[in-house]
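Q: curious how this folds, go ahead:
(chains A and B)
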Amino acid sequence: MKTFAIGCALTLAFFTNTAQLFADEAHEMKNRIKFLEEKLKNTHKLEDQIDLLNDRLNKIENKGDATKEKSFDTQLPSNNSAKTPQNFPGAPVSDSGSLQNVLNQFPAYNRTPQSQSFQRSTATGFSRVFNPALSVNGMYLGTYRSEGNSNTAAETKTGFKIQEIEIQATANVDNYLRSNLVATFEGGTFEVEESYVDALITRNFSIRAGKWFSNFGKHNFLHQHQFPFIDAPLVNANIFGQEALNEIGVGVNYLLPIPWYSELVFDVLEGDNTVLLNGTSNNQFAYLFHAKNLWDLNEDATLEANGSFLFGKNGAGTSNNSSYAAGGSLTLKWIPSQNARYQQIEWQSEYIHSEREAGVVQATGVKNPDQQRAGMYTYLKYQFAQNWWAQGRYDHYGFERVLGENKQYRLSGLLGYVPSEFSAIRLQYNYLDEQIRDEHQVFLQLNYTMGSHPAHNY
Amino acid sequence: MTCILKSSIWAALSVFLIFCSAPALAALRVVTTTQDLASLTKEIGGDEVRVDTLTRGYQDAHFIAAKPSYMFRLNRADLLIYQGMELEIGWLPLLIQGSRNPDVMVDRPGHLNASIVIEPIEIPQTLDRSMGDIHPFGNPHYLLNPINGIRVAHLIAERLSQLVPDKKSFFQKNLENFTERLKVKIMEWSRRMEFAKGLKVTTYHRTWSYLFRHFGIQYTALIEVVPGIPPTPRHLAHVVDAMRMDKTKLIIQANYYESQSAKFVAEKTGSKILSLPVSVGGVDEVKTYIGLFDYIVSNFEREMK
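A: Residues are numbered from 1 along each chain as shown, chains lettered A, B, ... in the order given. Below you'll find the predicted structure:
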């Protein structure tokens, strides 16, 4: 009984206590709600203020746009402005005036996004932002030849032709690879001239795989639209054929850690070149070694010395026939640093020698004589005004030559008008001496590039 | 014989090792494309950086040959700082690729495009090659506004501190010091150039927009037809007309452009030609970023006051 009474008292005490507690809490809650209500009121006020400010900001921005559009007029060539003089950008801005105005500009160390103009949305999946850089190069050629005009199948013949249309795409594939594609239309045939990927493996060391114009000497790796003259040197055409040394393979490339620019290239190639290589067995590859060195003679002039060696197998007679080619080149370039836009001189010479074992005559077992070919060219390019080039070349093939081929000498002169870096009109004259006959050739070429074309190498 | 061979191999090997190891011991190696950036970097980096600039102030940074020797210099860099906005588009991509230096590839800390902190002007509304060599991101000669110099100096200090965290306070101190000096100078130049407000000027190329905007100078006409395309006689006649109508009596010429057209126009309109450096090193006397504006302002004063 006693315990029951104590229990009751205790519960009562507990309940009164809790009731007291509840009452306290309710009071506090009320206070809080009041407080929050007040805050909410304030927030509404703030929201109104923000709206107001937004409106003002919009107005200001619109004004800004209007001024931008105004300044668009000033993007027009000054031809137009000449008739009605108007303010070019550079309209007086208040920042030059009072001290305070100048000072106001200082805290403005803000990153401003550089271009807000391109479309960022990829929601459609048709984003063009990551498209490769695309360019199309066209070459239209008019030819006159004094000889051989009855041969309608000749490679170069009197008349007009579209020499080549070249399409190039370049982009980084991902974090590791960079890729380049060059496809050409030439006389109705479509060809992938180059398609390769480059990767930088470690410092100084990179690797390439695919199909490309090999780094043999100084002329072989050029695309046709980069040729210093309209036609390729005689020695290149005779040793590697009209299509040049263009092989599928893998290569490595190393920049030597020595005090001048020195680059070593080693390529393992398929060896398909029909003139020099083209072994009979599938496992016969060609190997290319190339060394490129460049020195600054002074601020304006550089000297480049290259050496190349190619080794492979060919398909003449039995399968064990070896082919070699060796070449060396010297290039001197002078580009006055203060006047680079208006004047330049380039002098380049190259010598190439090739040797092709020709197998044995099956019936007699007598070894055929080795087929040797050798020749050289030297040319001078002189830019004498912003848009004008004068060039001369001496070409010789036949220091060594295959039975039945003629010695060839050629003298070429070229006048180039280059209105911009994207187009050129070039007029070339050749005097070709082939021992049994002389020939005069005249070429007129229009060479242009549209789109985003990667800058050319030095 | 074997002794000689051995010793020569050792000699060659040691030379090789010296070349390989020597640069690694030195200060942070910074390569900048222009001398302006080199000057700013030196102000911030002091002796803790070794700055090598690829082009000189008297060269036209649009037209630089991508010499492999530049690749070679970039190969040894810890940090590349360039002006960006396609000023160096014709040659820098080749150099970066040819350098075979992973540290200066895009999006590495060693690759710094200084233009990200400036406010570009003259962003073309239309992009088309018929407009000549236009810069899609705006006029890239932004360092000719000294306030942009302050912005870029901050950016360089930030990046140097990121690459050499130990020297952060040193770079910060140099930055504050430089900013202070430049601020005082900016006010001085504004005072001295007060007379030039509203001045009308003909130039060869739109090289000077940032400077002109800063000092309130206006273009009357441009001597080139469109960017990169040299003037024709017809165009020069228009320029002369425009200058006569606008009563323009001054031609400003970056000192790397041909001066014949400017001389022709000056003769026809009776104006003066003021040849000015565009960058540090543009003339021998200008050795620092602050010195560049001192030189420009003094020359304006001498010619026009």
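Q: so B:Val278 sits right up against B:His141, yeah?
A: Yes. Assessed by Cβ atoms under 8 Å, B:Val278 is found in contact with B:His141 at 6.9 Å. All C-beta atoms are positioned from the backbone trio N, CA, C, and that covers glycine.
Q: what touches both of those two?
A: Residues touching both B:Val278 and B:His141 by Cβ atoms under 8 Å, 6 or more residues apart in numbering or on different chains: B:Thr207.
Q: helix, strand or coil for A:Glu193?
A: Three-state assignment for A:Glu193 (DSSP: H, G, I helix; E, B strand; the rest coil): strand.
Q: quick one, grab the pLDDT at it.
A: Reading off the confidence values, A:Glu193 has pLDDT 95.
Q: with A:Ala363 instead?
A: At A:Ala363 the predicted local distance difference test score is 78.
Q: near it, how many other residues are there?
A: Other residues within reach of A:Ala363, judged by other Cβ atoms under 10 Å in any protein chain shown, total 6.
Q: that one and chain B: what is the separation?
A: Plainly put, A:Ala363 is 51 Å away from chain B if you go by Cβ to the nearest Cβ, to the nearest Å.
Q: tell me the SS of that residue?
A: Per three-state DSSP, the local secondary structure of A:Ala363 is coil.
Q: can stretch A:443-458 be found next to chain B?
A: Yes. With Cβ under 8 Å from any Cβ of the partner chain as the measure, stretch A:443-458 is seen reaching chain B through A:450, A:454-455, A:457-458.
Q: give me the buried positions along that stretch.
A: Going by neighbour count (16 or more other Cβ atoms under 10 Å in any protein chain shown), the buried part of stretch A:443-458 is A:443, A:445, A:447-449, A:453, A:458.
Q: grab the nearest non-local neighbour of A:Thr156.
A: In space, and not counting its chain neighbours, A:Thr156 is closest to A:Thr143: 5.7 Å by Cβ to Cβ, 6 or more residues apart in numbering or on different chains.
Q: now that neighbour: how far from A:Asn430?
A: To A:Asn430, A:Thr143 is 10 Å away according to Cβ to Cβ, to the nearest Å.
Q: beyond the strand or helix carrying B:Arg159, next helix or strand please.
A: Taking DSSP states H and E as the definition, one finds B:Arg159 inside helix B:146-163. Next along the chain after helix B:146-163, taking DSSP H and E as the criterion, comes helix B:168-192.
Q: name the residues that touch whatever helix or strand comes next after that following helix?
A: As assigned by DSSP H and E, the chain's next helix or strand after helix B:168-192 is strand B:200-203. For strand B:200-203, the surrounding residues in contact (Cβ under 8 Å, 6+ apart) are B:208, B:212, B:217-223, B:239, B:242-243, B:246-248, B:250-254, B:265, B:271.
Q: how far off centre is strand B:200-203?
A: Using Cα atoms, centre = their mean, to the nearest Å, the distance from the centre of strand B:200-203 to the centre of the chain it belongs to is 21 Å.
Q: parallel or antiparallel, which strands does that strand pair with?
A: If you go by DSSP bridges, strand B:200-203 pairs up with strand B:218-222 (parallel), strand B:250-254 (parallel).
Q: give the buried residues for the next helix or strand after it.
A: Counting by DSSP H and E, the next helix or strand C-terminal to strand B:200-203 is helix B:209-215. Using 16+ other Cβ under 10 Å as the burial criterion, the residues of helix B:209-215 that qualify are B:209-215.
Q: the helices in the stretch 201-350 of chain A, which residues?
A: Secondary structure of the stretch 201-350 of chain A (DSSP state H, counting those that start in this stretch): helices at A:234-240.
Q: low-scoring stretches of it, by residue?
A: For the stretch 201-350 of chain A, the stretches flagged by pLDDT under 70 are A:317-319.
Q: run a quick neighbour tally on B:Glu285.
A: If you count neighbours by other Cβ under 10 Å, B:Glu285 ends up with 12.
Q: not counting sequence-adjacent ones, nearest residue to it?
A: Nearest residue to B:Glu285 in three dimensions, chain neighbours excluded: B:Tyr295, at 6.2 Å (Cβ to Cβ, 6+ apart).
Q: equivalent analysis for A:Asn246, please.
A: Using Cβ to Cβ, 6+ apart and skipping the chain neighbours, the partner closest in space to A:Asn246 is A:Phe213 (5.2 Å).
Q: quick check, that neighbour in contact with A:Tyr196.
A: No. If you go by Cβ under 8 Å, A:Phe213 and A:Tyr196 don't touch, sitting 10.0 Å apart.
Q: and the residue lying closest to A:Tyr417 once chain neighbours are set aside, what is it in contact with?
A: Among residues not flanking A:Tyr417 along the chain, A:Ile425 sits closest, at 4.8 Å (Cβ to Cβ, 6+ apart). When the contact criterion is Cβ under 8 Å, 6+ apart, the partners of A:Ile425 are A:416-419, A:444-447.
Q: in three-state terms, label A:Ile425 for me.
A: For A:Ile425, the secondary-structure state derived from three-state DSSP is strand.
Q: for it, give me the pLDDT.
A: Taking A:Ile425 on its own, its pLDDT is 98.
Q: gap between it and chain B?
A: Going from A:Ile425 to chain B by Cβ to the nearest Cβ gives 15 Å.
Q: bridged to that residue, which residues?
A: For A:Ile425, the beta-bridge assignment (DSSP bridges) gives partners A:Tyr417, A:Leu446.
Q: most widely separated two among the residues of stretch A:443-458 next to chain B?
A: In these, two members sit farther apart than any others by Cβ to Cβ. They are A:Met450 and A:Tyr458, at 23.5 Å.
Q: about what we covered before: what do A:Thr143 and A:Asn430 both touch?
A: Any residue near both A:Thr143 and A:Asn430 by Cβ under 8 Å, 6+ apart counts here, and that gives A:441-443.
Q: any chance of a markdown table for the residues you listed, columns pLDDT and secondary structure?
A: Converted to a markdown table, the shared contacts of A:Thr143 and A:Asn430 look like this (pLDDT from 0 to 100; DSSP: H, G, I helix; E, B strand; the rest coil):
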| residue | pLDDT | secondary structure |
| --- | --- | --- |
| A:Gln441 | 96 | strand |
| A:Val442 | 97 | strand |
| A:Phe443 | 97 | strand |
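Q: if we can go back for a sec, and which of the contacts of A:Ile425 is nearest to chain B?
A: In terms of Cβ to the nearest Cβ, no member of these lies closer to chain B than A:Pro419, at 7.6 Å.
Q: SS state for the closest one?
A: Each residue gets one of three states, and A:Pro419 gets strand by three-state DSSP.
Q: and it, what is it in contact with?
A: Residues in contact with A:Pro419 (Cβ under 8 Å, 6+ apart) are A:387, A:425, B:229.
Q: let me have these in TSV, adding distance to A:Lys218 as columns.
A: As requested, the contacts of A:Pro419 are exported to TSV (distance: Cβ to Cβ, whole Å):
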residue	distance to A:Lys218
A:Asn387	25
A:Ile425	25
B:Ile229	31
